[in-house]
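Colleague: let's see this in three dimensions:
(2 chains)
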Amino acid sequence: MNKERLKMLLKLQEVEFACIELNLYLDTHPQDQMALMKYNTCAYQLDVLKKQYECMYGPILNFGFSQSQYPFQWIEDPWPWEIEY
Amino acid sequence: MWIYEKKLEYPVRVSGCDPRMAQYVMTQLGGPDGELSAAIRYLNQRYKMPTGKSKALLTDIGTEEMAHVEMIQTMIYKLTKDASIEEIKENDMGAYYAIRDKAIYPADSTGNPWTAAYIQSIGDVKADLYEDLAAEQKARAVYENLLKLTDDPLLKDSLNFLRERELVHFKRFGEALRDVEEYSQCKKHY
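Modeller: As a prediction, this is how the structure comes out:
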């Protein structure tokens, strides 16, 4: 996996992790407006990053959540366990 | 419905092959306090949860645990994929190799296969949440044992990430327990 792609993947993991952490926090603090604002900001960033990444390297979501070029890119390597960071 | 994302939650890196450590790590895949137990526990318990907060939390933590299952599987894969037969024999992985080569299988570090008997879901929501709190503590303790069993700084980084998640989940489950307690107190006044 080339450096540019790896950099994008790490950024994606970083932002998605922020979303996961804020999501769990909001599950038990649904009225924390500041946290909700951060969550929405991170969710927007994540959406942008995912689209950029998928546009260059193919879908990271299946089942209709992302489109694919021809031939069906979902089956392309590397799979998550094969990536050398 | 669940959607698979073709990426890990957090990078898994190892400095080299280490079949012995792979077998130790395996307990967090298919052992009593492993990630599979955690995911199955929370995703079954959630149906009896009485409040929005507790239903959401068990769904979300249960889902995150599935991502941790994948991280542990990846550790085992990476720690064994380049091991030669000599290395497998020298590192006590021969008994495992005889049954299934280097395939991933949910068992604990001594080879006992995963069983649903490791978990509980008894319908008393407070009791279930107390089990969840204990489970997160036990998983944290196992990660601390694993951290003592390796010198590999890259593997330690991923294990440390997973250890930290147990602490966060513990905190959130504590908040969910208080929410469920408040709910049951309100109900008594009806």
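
Colleague: quick check, central residue of chain B?
Modeller: Nearest to the mean C-alpha position of chain B, by CA atoms, centre = their mean, lies residue B:35 at 1.5 Å.

Colleague: now the nearest residue to it once chain neighbours are set aside: how far from residue B:18?
Modeller: Spatial nearest neighbour of residue B:35, excluding adjacent residues (CB to CB, 6 or more residues apart in numbering or on different chains): residue B:68 at 4.1 Å. All C-beta spots, glycine's among them, are computed from the backbone N, C-alpha and C. Residue B:68 is 20 Å from residue B:18, where distance means CB to CB, to the nearest Å.

Colleague: can you give me the helices for chain B?
Modeller: Using DSSP state H, the helices found in chain B span residues B:19-25, B:27-30, B:35-45, B:52-80, B:85-90, B:94-100, B:125-148, B:153-188.

Colleague: who are the packing partners of the fifth one?
Modeller: The one in question is helix B:85-90. helix B:94-100 (3 or more CB pairs under 8 Å, 6 or more residues apart in numbering or on different chains; DSSP states H and E).

Colleague: in CSV, list the C-alpha atoms belonging to the helix it packs on.
Modeller: Coordinates of each C-alpha in helix B:94-100 appear next as CSV, following Å, rounded to 0.1, in the frame of the first residue of the first chain:
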residue,chain,number,x,y,z
GLY,B,94,2.7,-27.7,16.7
ALA,B,95,-0.4,-29.0,18.4
TYR,B,96,-2.5,-26.2,16.9
TYR,B,97,-0.9,-26.6,13.5
ALA,B,98,-1.7,-30.3,13.5
ILE,B,99,-5.5,-29.6,13.7
ARG,B,100,-5.9,-26.5,11.5
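
Colleague: just the pLDDT for the closest residue in space to residue A:84 that isn't next to it in sequence.
Modeller: Spatially, and ignoring its direct neighbours in sequence, residue A:84 is nearest to residue A:1 (6.7 Å; CB to CB, 6+ apart). pLDDT recorded at residue A:1 is 86.

Colleague: contact partners for residue A:1?
Modeller: By CB atoms under 8 Å, 6 or more residues apart in numbering or on different chains, the contact set of residue A:1 is A:9, A:78, A:83-84.

Colleague: next one: residue B:7
Modeller: Contacts of residue B:7 were listed using CB under 8 Å, 6+ apart, and they are A:9, A:12-13, A:60, A:80.

Colleague: how about residue A:19?
Modeller: Taking CB under 8 Å, 6+ apart, one finds A:39, A:42-43, A:46 in contact with residue A:19.

Colleague: you'd agree it is in a strand?
Modeller: No: assessed with DSSP: H, G, I helix; E, B strand; the rest coil, residue A:19 is helix; it does not lie in a strand.

Colleague: how many residues are close by the nearest residue to it once chain neighbours are set aside?
Modeller: In this structure, residue A:19 finds its nearest non-sequential neighbour in residue A:42, 4.8 Å apart by CB to CB, 6+ apart. Per other CB atoms under 10 Å in any protein chain shown, the neighbour tally for residue A:42 reads 20.

Colleague: let me know the helix or strand that residue A:42 is in.
Modeller: helix A:33-57 (DSSP states H and E).

Colleague: before we move on, the earlier item: will you turn the contacts of residue A:19 into a markdown table that also has pLDDT and distance to residue B:120?
Modeller: Putting the contacts of residue A:19 into a markdown table (pLDDT from 0 to 100; distance: CB to CB, whole Å) gives the following:
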| residue | pLDDT | distance to residue B:120 |
| --- | --- | --- |
| A:39 | 98 | 32 |
| A:42 | 98 | 35 |
| A:43 | 98 | 34 |
| A:46 | 98 | 35 |
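
Colleague: give me the residues contacting the helix holding residue A:42.
Modeller: Helix A:33-57 is contacted by residues A:5, A:8-9, A:11-12, A:15-16, A:18-19, A:22-23, A:25-26, A:29-30, A:60-61, A:66 when judged by CB under 8 Å, 6+ apart.

Colleague: what are the buried residues along it?
Modeller: For helix A:33-57, burial by neighbour count (16 or more other CB atoms under 10 Å in any protein chain shown) applies to A:35, A:38-39, A:42, A:45-46, A:49-50, A:53-54, A:57.
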